[in-house]
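Enquirer: My questions concern the predicted model and sequence given below.
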There are 2 protein chains.
Amino acid sequence: MAKHPSLAAVVQRLEDRGLRVTAPRLSVLAAAAAGAEDQFSAEDIESRLPQVGRATIFRTLKLLVEMDVFCRVLLDDGNLRYRWSRRGHHHHLICDSCGAIEDFTGCDVTTLMQDLARRTGFTARGHWLEVYGRCAACHSRAAVSQ
Amino acid sequence: MAKHPSLAAVVQRLEDRGLRVTAPRLSVLAAAAAGAEDQFSAEDIESRLPQVGRATIFRTLKLLVEMDVFCRVLLDDGNLRYRWSRRGHHHHLICDSCGAIEDFTGCDVTTLMQDLARRTGFTARGHWLEVYGRCAACHSRAAVSQ
DNA sequence: CTCTTATTGACACATAGTCCCATTTCCACA
DNA sequence: TGTGGAAATGGGACTATGTGTCAATAAGAG
Ligand SMILES: [Zn+2]
Ligand SMILES: [Zn+2]
Ligand SMILES: [Zn+2]
Ligand SMILES: [Zn+2]
């Protein structure tokens, strides 16, 4: 599975929404794909694109998040990262020790929500979940160095 | 159940940690208790306490969050609120329509986590969950106005 | 009452954005 | 191929939410 969708697919989705395919938008996509990491901060994009206005960068990030091209990841320290979205409902597993982020689908909070509705009369429309811990790679690394 | 713990209890916890009970700290607690809402922003506190330095307000908020006197609530729009913590592991149900926040204990994400570990080898240390939807009161209000 | 040390306040700086508006650019259509 | 109108941009000011520094102050133990 590719780290991120083809540019053509994103362009298609922009056009489908009647939005323009502009140079700044393409630059942001390129800058997001350029990093070694699969995650990036707004600042990363800014510094990779000094010729693009800051307001435009934030507008574009917001747009691409709305379009589910990128998703936001809330780190344990409260900082925010962006990441190519795997699209559709998913959450993130964030490794404390190496900082890697994995996606995690098959979120089964529904039973939790149903239980909730029964108990409190609150109907959930959505939720935000981030999981912090230690990834498999860091586990084996730790096991080896023991 | 009281909206917030007694001042004496908080003072006790400060002393237990060897921290000083100072006028600014007491003011922040008073300002947090003063609002009509059970939630408040850093800015609310600032505006209620013009005589207290901004840095002190943020330092105090941070301290009280660490002490689990307050908790942070992440709204759907990304804004942050503070709230008297019910203490211990819990999450929030945030009503889209009236903005009310309810606490929700008995979070059973553990099975989810175990499943996760089996599938991905990721061991969860903690998690952050906020639930957005519609509260019971807003449901009945909607039913009446139909 | 006095000493030590935690804490404060002022201010500069940082990050993550938003808002405004004149200018530019895309692109549908003639 | 040209062009008008809408969409998007860039620059700059502004906001919210913090953090870091440091000299001055004050809590509270003895
Ligand atoms: Zn790791
Ligand atoms: Zn989910
Ligand atoms: Zn409500
Ligand atoms: Zn939980």
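Expert: Here it is on my side, so go on. Ligands and ions are numbered 1, 2, ... in the order given.

Enquirer: what's next to stretch A:118-125, contact-wise?
Expert: A:113, A:116-117, B:93, B:95-96, B:102, B:104, B:131-136, B:139 (CB atoms under 8 Å, 6 or more residues apart in numbering or on different chains). Yep, even glycine has a C-beta here, placed from its N, CA and C like the rest.

Enquirer: what about the one helix or strand residue A:45 maps to and DNA strand C, touching?
Expert: If you go by DSSP states H and E, residue A:45 is part of helix A:42-48. Yes - Helix A:42-48 reaches DNA strand C (CB under 7 Å from any atom of the strand) through A:42, A:43.

Enquirer: quick one on the thing from earlier: run through the contacts of stretch A:118-125 and flag the ones next to ligand 3.
Expert: B:95, B:135 (CB under 5 Å from the ion).

Enquirer: ok, and the most crowded of the contacts of stretch A:118-125?
Expert: Highest neighbour count within the contacts of stretch A:118-125, by other CB atoms under 10 Å in any protein chain shown: residue B:93, with 24 neighbours.

Enquirer: List the residues that contact that residue.
Expert: Applying CB under 8 Å, 6+ apart, one finds that residue B:93 lies in contact with A:116, A:120, A:122, A:124, B:101, B:102, B:103, B:104, B:131, B:133, B:135.

Enquirer: Next, the closest residue to the third one other than its chain neighbours: secondary structure please.
Expert: When you say that, I think you mean residue A:122. Once flanking residues are discounted, residue A:122 sits nearest to residue B:93: 4.7 Å by CB to CB, 6 or more residues apart in numbering or on different chains. Following DSSP: H, G, I helix; E, B strand; the rest coil, the label given to residue B:93 is strand.

Enquirer: How about residue A:39: which residues does it bridge to?
Expert: Counting by DSSP bridges, residue A:39 forms beta bridges with residue A:83.

Enquirer: Hmm, residue A:81 and it touching each other?
Expert: Yes - using CB atoms under 8 Å, residue A:39 is in contact with residue A:81, at 4.5 Å.

Enquirer: Can you give me the domain boundaries for chain A?
Expert: Annotated domains of chain A cover A:1-86, A:88-146 [automatic domain parsing].

Enquirer: and these as CSV, adding distance to residue B:73?
Expert: Shown next, in CSV, are the domains of chain A (distance: least, CB to CB, whole Å):
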stretch, distance to residue B:73
domain A:1-86, 13
domain A:88-146, 11
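
Enquirer: Mind telling me which of the ones you listed the model trusts least?
Expert: Mean pLDDT is lowest for domain A:88-146 out of the domains of chain A, coming in at a mean of 88.

Enquirer: Near DNA strand D, which residues of chain A are found?
Expert: Residues of chain A lying near DNA strand D (CB under 7 Å from any atom of the strand): A:19-20, A:22, A:24-25, A:51-56, A:59-60, A:78.

Enquirer: Out of the residues you listed, flag the one nearest to ligand 4.
Expert: Closest approach between those and ligand 4, by CB to the ion: residue A:78, at 17.7 Å.

Enquirer: give the contact list for the closest residue to residue A:109 other than its chain neighbours.
Expert: Leaving aside its sequence neighbours, residue A:109 sits nearest to residue A:127 (CB to CB, 6+ apart; 5.9 Å). For residue A:127, the contacting residues are A:109, A:113, B:129, B:130, B:131, B:132, by CB under 8 Å, 6+ apart.

Enquirer: what do you get if the cut-off is 7 Å, keeping everything else the same?
Expert: By CB atoms under 7 Å, 6 or more residues apart in numbering or on different chains, residue A:127 lies in contact with A:109, B:129, B:130, B:131, B:132.

Enquirer: Could you check how far it is from residue A:73?
Expert: Distance, residue A:127 to residue A:73, using CB to CB, to the nearest Å: 15 Å.

Enquirer: Residue A:66 now?
Expert: 16 Å.
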